[in-house]
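# just a sequence and a predicted model for now, questions to come.
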Amino acid sequence: MLPILHPPGIDLNKLMQIQNRIAKNVKREDHLKKLETVAGCDISFAKHNIAWAACVVLDYRTLDPLDQKVEKVRLRFPYIPTFLAFRELEGMLKTARGAEADVYVVGAHGIAHPRRAGLACHLGVILDRPTFGVAKSKLCGDANMPPNRRGSYTLLKDGSETIGAVLRTLPNAKPVYVSVGNKISLKTAIKITLHTTRKHRLPEPIQAAHELATHHAKVASLDPSTPCF
DNA sequence: GCGACAG
DNA sequence: ATCTTGTCGC
């Protein structure tokens, strides 16, 4: 199934070694100097292998927008479960590098990954900044369903190891999966997720980045000759 | 062998 | 991820 999708020359064993190296450098404790700004990172697809990456910076207290970056990116790697970073990290870095923030929220998993090296970990280790992931569905691990109340959560475990939390950001909505990316604790990641979540199931930083990226992807697909800037 | 599988 | 309107329910 998967092998036919792999372009020849891509050695997953080599990529797994890279993931292991990233995982070794992940810090699961808080290293935040302050918490005044939060960034959200996301990528939306236009057509073929063209996509748009977006990073939006919000004021932590008010959630007012402070800054935003958008970049057109070419995806050179296919989507293969557990190897998402090799498809999306490059584009995500282009926008995140230019947007300063105290913490970055990524629409993907952090250490809630078979080798503890989700996209949020790659971004956090490369930038050497606090990051964490908020995903809409599970990649690995086991957890009970949290009670149907905003703010309730259960721990996502892989054997005896805690790799994340299944968090209810809104009542009557499927919970989200929160996990450490780098330089932050799960406890703080959960706190930030709840603080930045308002009318949507996903936290505002990710929601805003997604809308911005999707808007550009749509405009680009309607008129390829439009520079968009 | 079978099921699971971020975006 | 993306293609897509209405519809059921609180």
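Yep, that arrived. Numbering: from 1, shown residues only, chains lettered A, B, ... in the order given.
# which residues of chain A score low on pLDDT?
Chain A contains residues with pLDDT under 70 at A:1-9, A:220-229.
# closest residue of it to DNA strand C?
Residue of chain A nearest DNA strand C, by Cβ to the nearest atom of the strand: residue A:44 (3.5 Å). All C-beta spots, glycine's among them, are computed from the backbone N, C-alpha and C.
# just confirm that residue contacts residue A:210, I think it does.
Yes. The criterion here is Cβ atoms under 8 Å, and residue A:44 meets it with residue A:210 at 6.7 Å.
# give the residues shared as contacts by these two.
residue A:54 (Cβ atoms under 8 Å, 6 or more residues apart in numbering).
# where exactly do the strands run in chain A?
Under the criterion DSSP state E, strands of chain A are mapped to A:37-47, A:50-59, A:65-74, A:103-106, A:131-135, A:153-158, A:161-167, A:176-182.
# ok, what's across the strand from the residue of chain A closest to DNA strand C?
Assessed by DSSP bridges, residue A:44 has beta-bridge partners residue A:52.
# and the gap between it and residue A:161?
Taking Cβ to Cβ, to the nearest Å as the measure, residue A:44 falls 33 Å from residue A:161.
# quick check: residues of chain A near DNA strand C?
By Cβ under 7 Å from any atom of the strand, the residues of chain A that approach DNA strand C are A:44-45, A:107, A:136, A:172, A:214, A:217-218.
# repeat that with 6 Å
Proximity of chain A to DNA strand C is confined to A:44-45, A:136, A:214, A:217 under the rule Cβ under 6 Å from any atom of the strand.
# could you dump those residues to JSON lines with neighbour count?
Shown next, in JSON lines, are the residues of chain A next to DNA strand C (neighbours: other Cβ atoms under 10 Å):
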{"residue": "A:44", "neighbour count": "19"}
{"residue": "A:45", "neighbour count": "16"}
{"residue": "A:136", "neighbour count": "13"}
{"residue": "A:214", "neighbour count": "17"}
{"residue": "A:217", "neighbour count": "22"}
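# wait, which of those residues is closest to DNA strand B?
For these, the minimum distance to DNA strand B (Cβ to the nearest atom of the strand) is 3.8 Å, reached by residue A:136.
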